[in-house]
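K.L.:
quick one: sequence plus predicted model below, questions after.
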Amino acid sequence: MKVSDIMTKEVICAEVPGTTREALDLIIKHNISGLPVVKRGTRELVGIVTKSDFARKPEENQLALLMTKNVVTINPSADIREAAKIFVEKGFRRLPVVDNGNIVGIISVSDVVWKGLPRLNIKDPVEKFMEEKVITLWQNTPLKVAHKIMRLSKERALLVLDNEGKLVGIIEDIDLLKVIDVREYTEKSESLSSTEGDKWGWDSKSVVYIMKRTLELPDKMVKDVMVTNVITALKSTSISEVAKRMAMAKINQVPIIDAEGEIIGIVKDINLLKAIV
């Protein structure tokens with residue numbers, strides 16, 4: 001199966017010159033993790049920007065200064081296993097598909113898992129690829145705390161428990177982005193200046209006003225924004241079946257439960273790729 005068989009051909013791109021706000025709005029609108037960046041008015045690929053870039057430099061307004069310029073790409077004629085290998089080894093979520101310098105498509109981890117794995121009919125149980133370490137949140141955790149836990153753990157989604165320790169939801173980074181507020185404020189900087197050599201000169205102040213931007217979460221709890229319809233699987237469920245469930249629900253991770261409904265692990269789309277690498 002080739003990259004061209006499962007890639008998305010209608011690619012949402014950010015453009016330079018352009019602002020980071022324009023790119024962030026596109027990411028939120030289309031519920032994606034990143035965007036290729038092209039030269040305005042063309043399909044020439046010049047960079048890529050991801051959700052983590054905005055958290056890393058929230059004050060940056062120019063997209064050209066925020067994006068990553070050295071982009072790993074793939075050819076449309078490549079086998080999907082080559083794309084899967086890059087995703088697993090590099091930790092990327094999306095790869096621009098480029099032909100003669102121009103972007104002709106985009107392939108993501110989700111594309112390989114949702115469109116490729118179900119067709120391959122892999123019977124191996126998901127137990128082989130699940131992670132037993134699971135990071136969870138209490139449903140009444142403030143969003144600001146949830147965001148910090150997500151950032152420190154480097155997880156894109158966290159399971160949510162109620163007061164009894166039962167699984168009641170899941171929260172993803174995109175859920176936080178949907179409610180985040182971009183706040184702009186002006187900061188004043190002062191420095192003393194005087195005419196050198198003039199002993200009678202008055203000290204004067206040079207005042208500079210700097211416009212800054214920050215991302216702020218509202219004073220809400222996890223339960224206010226989490227997804228409550230959680231798709232689960234058993235450890236004996238096959239790789240292809242879990243991939244089908246991910247595809248049907250448009251999700252990137254599935255909690256693994258036992259016969260009593262207790263959480264025993266989690267499997268992410270990137271874990272499933274290891275079945276074909």
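P.N.:
Noted; the coordinates are in hand.
K.L.:
excluding residues flanking it in the chain, which one is nearest Ala14?
P.N.:
With sequence-adjacent residues excluded and distances taken as C-beta to C-beta, 6 or more residues apart in numbering, Ala14 is closest to Ala23, at 4.1 Å. Every C-beta, even on glycine, is put in place using the N, C-alpha and C of the backbone.
K.L.:
wait, is the one you found part of a helix?
P.N.:
Yes - counting by DSSP: H, G, I helix; E, B strand; the rest coil, Ala23 is found in a helix.
K.L.:
now do it, the pLDDT please.
P.N.:
If you check Ala23, the pLDDT there is 90.
K.L.:
next one: Ala64
P.N.:
Ala64 is assigned a predicted lDDT (pLDDT) of 91.
K.L.:
isn't it right next to Val16, touching?
P.N.:
Yes - the criterion here is C-beta atoms under 8 Å, and Ala64 meets it with Val16 at 4.6 Å.
K.L.:
re the thing from before, surely the residue nearest to Ala14 meets Leu63?
P.N.:
Yes - counting by C-beta under 8 Å, Leu63 is a contact partner of Ala23 at 5.4 Å.
K.L.:
circling back to that earlier point, common neighbours of Ala64 and Val16, please.
P.N.:
Shared contacts of Ala64 and Val16, defined by C-beta atoms under 8 Å, 6 or more residues apart in numbering, comprise Gly47.
K.L.:
how far off centre is stretch 246-254?
P.N.:
Here the centre of stretch 246-254 is set off from its chain's centre by 15 Å, with C-alpha atoms, centre = their mean, to the nearest Å.
K.L.:
list the neighbours of that stretch that are in contact with it.
P.N.:
109-110, 113-115, 118, 126, 156-157, 170, 172, 229, 231-233, 242, 245, 266-269.
K.L.:
how long is it end to end?
P.N.:
One end of stretch 246-254 to the other measures 7 Å (C-alpha to C-alpha, to the nearest Å).
K.L.:
same thing with stretch 263-272?
P.N.:
With C-alpha to C-alpha as the measure, stretch 263-272 spans 19 Å from end to end.
K.L.:
and it, how far out from the chain middle?
P.N.:
From the chain centre to the centre of stretch 263-272 is a distance of 17 Å (C-alpha atoms, centre = their mean).
K.L.:
then stretch 99-112?
P.N.:
Worked out by C-alpha atoms, centre = their mean, stretch 99-112 lies 17 Å from the chain centre.
K.L.:
pLDDT on that stretch, on average?
P.N.:
Computed over stretch 99-112, the average pLDDT equals 93.
K.L.:
tell me the buried residues in it?
P.N.:
Neighbour counts over stretch 99-112 (16 or more other C-beta atoms under 10 Å) mark 103-112 as buried.
K.L.:
please flag which of those sit within strands.
P.N.:
Of these, the ones assigned to strands by DSSP state E are 103-108.
K.L.:
using JSON lines, please lay out these together with distance to Arg94.
P.N.:
Output for those, formatted as JSON lines (distance: C-beta to C-beta, whole Å):
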{"residue": "Ile103", "distance to Arg94": "11"}
{"residue": "Val104", "distance to Arg94": "14"}
{"residue": "Gly105", "distance to Arg94": "11"}
{"residue": "Ile106", "distance to Arg94": "6"}
{"residue": "Ile107", "distance to Arg94": "7"}
{"residue": "Ser108", "distance to Arg94": "5"}
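K.L.:
nearest to Ala78, of those?
P.N.:
Relative to Ala78, the closest of these is Ile107; by C-beta to C-beta it sits at 9.1 Å.
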